[in-house]
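sharing a sequence plus its predicted fold:
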Amino acid sequence: MYTIGQVSELFRLPVSTLRYYDKEGLFPGLERVSGIRKFSEKELETLRVIECLKKSGLEIRDIKQFMEWCSQGKETYAQRRSLFLKRKAAVEREMEQLAKTLDMLCYKCWYYEQAIKDGSEDRIQEMLPEEIQKMYDHAHE
């Protein structure tokens with residue numbers, strides 16, 4: 001069993017966030033001993049899922065809906081799977097956008113490194129290595 005302070009440290013989350021999650025009903029079976037929250041491995045796993053969903057762009061109200069589905073049992077497996085498939089697709093789209101951004105940043109780092117070496121930007125487009133050209137092309141898709 002873990003105290004709220006220990007969970008806060010483990011997950012690098014403010015205690016106020018954990019209290020908010022509790023208030024919102026995201027830890028339905030959370031045990032209290034003399035009024036002190038005691039987090040079990042079950043709550044830690046729940047928190048991992050909550051944080052995953054949050055990082056994927058889901059709002060707390062939608063996470064609450066997911067938690068409600070969990071409490072309803074196996075009848076909601078399809079809904080839960082659908083939610084995760086949608087979040088997965090959203091994260092994959094975001095990763096593709098970030099990959100394009102990274103390629104543009106890498107291209108520009110190379111570009112200015114060459115400009116510094118040459119003292120000019122005049123010949124840079126003529127000397128693009130294949131790997132840099134691929135980054136440039138990907139960033140401009």
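Thanks, I have the structure now.

quick one, domains of the protein?
1-72, 93-141 (automatic domain parsing).

pipe those domains into a markdown table and attach mean pLDDT and mean neighbour count per row.
Placement of C-beta: from N, CA and C, glycine included. Listed next are these as a markdown table, based on pLDDT from 0 to 100; neighbours: other CB atoms under 10 Å:
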| stretch | mean pLDDT | mean neighbour count |
| --- | --- | --- |
| domain 1-72 | 94 | 14 |
| domain 93-141 | 92 | 13 |
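
Serialize those to TSV and add fields for distance to Leu85.
Output for those, formatted as TSV (distance: least, CB to CB, whole Å):
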stretch	distance to Leu85
domain 1-72	11
domain 93-141	13
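
okay, now the nearest residue to Ser56 once chain neighbours are set aside: neighbour count?
Nearest non-adjacent residue to Ser56, counting by CB to CB, 6 or more residues apart in numbering: Arg87, 4.1 Å away. The number of residues packed near Arg87 is 18, by other CB atoms under 10 Å.

quick one: contacts for Arg87?
Leu53, Ser56, Gly57, Leu58 (CB atoms under 8 Å, 6 or more residues apart in numbering).

mind running it again at 7 Å?
Leu53, Ser56, Leu58 (CB atoms under 7 Å, 6 or more residues apart in numbering).

for the chain, what spans make up the strands?
With strands called from DSSP state E, the chain shows them at 31-33, 36-38.

which helix in the chain has the most residues?
In the chain, with assignment by DSSP state H, the single longest helix is helix 77-118.

roughly how far is that helix from the heart of the chain?
On the basis of CA atoms, centre = their mean, to the nearest Å, helix 77-118 is displaced by 13 Å from the centre of the chain it belongs to.

how about Thr46: what's its closest non-neighbour residue?
Per CB to CB, 6+ apart, closest to Thr46 is Phe27, 6.2 Å.

geometric centre of this protein: which residue is closest?
Lys55 (3.0 Å; CA atoms, centre = their mean).

against Ala90, how distant is it?
Distance, Lys55 to Ala90, by CB to CB, to the nearest Å: 11 Å.

do you know the pLDDT at the residue nearest to Ser56?
On pLDDT, Arg87 comes in at 96.
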